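Peer 1: Have a look at this fold, sequence not included:
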């Protein structure tokens with residue numbers, strides 16, 4: 001029997017990062033979020049593509065993760081869904 005779960009992950013903490021390191025920090029946040037909720041998981045390529053689609057410095061504010069597995073002894077397959085593309089960037093200061 002197939003199991004499904006959906007989670008929304010806020011990436012606010014990664015948006016506070018500097019320069020082009022925001023996407024890498026967002027990946028670490030997603031992995032930490034998943035490790036608190038499930039034992040084994042395998043990230044799909046869609047999660048990586050979504051977080052790196054705006055380059056290293058532009059990430060979405062939050063993403064929806066869809067977890068699925070066919071059997072209870074298999075690891076969870078994690079794919080990303082996005083309904084609205086809002087990128088979080090800081091506006092430059094005017095001196």
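Peer 2: Alright, I've got the coordinates. Since we're looking at a predicted model, the values are computed, not measured. Numbering: from 1, shown residues only.

Peer 1: what's the nearest residue to the residue nearest the centre of the chain if we skip its chain neighbours?
Peer 2: Among the residues of the chain, residue 30 comes closest to the average C-alpha position under C-alpha atoms, centre = their mean, at 4.8 Å. In space, and not counting its chain neighbours, residue 30 is closest to residue 9: 5.8 Å by C-beta to C-beta, 6 or more residues apart in numbering. In short, each C-beta sits where N, CA and C put it, glycine included.

Peer 1: rewinding a little: can you spell out which helices and strands pack onto the helix or strand hosting the residue nearest to the centre of the chain?
Peer 2: Assessed by DSSP states H and E, residue 30 sits inside helix 22-37. Contacts of helix 22-37 with other secondary structure elements, assessed using 3 or more C-beta pairs under 8 Å, 6 or more residues apart in numbering; DSSP states H and E, are made with strand 3-10, helix 12-15, strand 41-43, helix 45-52, strand 59-60, strand 62-69.

Peer 1: Sheet partners, orientation included, of the fifth one?
Peer 2: If I follow you right, that is strand 59-60. When pairs are called by DSSP bridges, strand 59-60 turns out to pair with strand 87-88 (antiparallel).

Peer 1: most packed of the helices and strands packed on helix 22-37?
Peer 2: Per-residue neighbour counts averaged over each of the helices and strands packed on helix 22-37 give the maximum for strand 59-60, namely a mean of 24 (mean count of other C-beta atoms under 10 Å).
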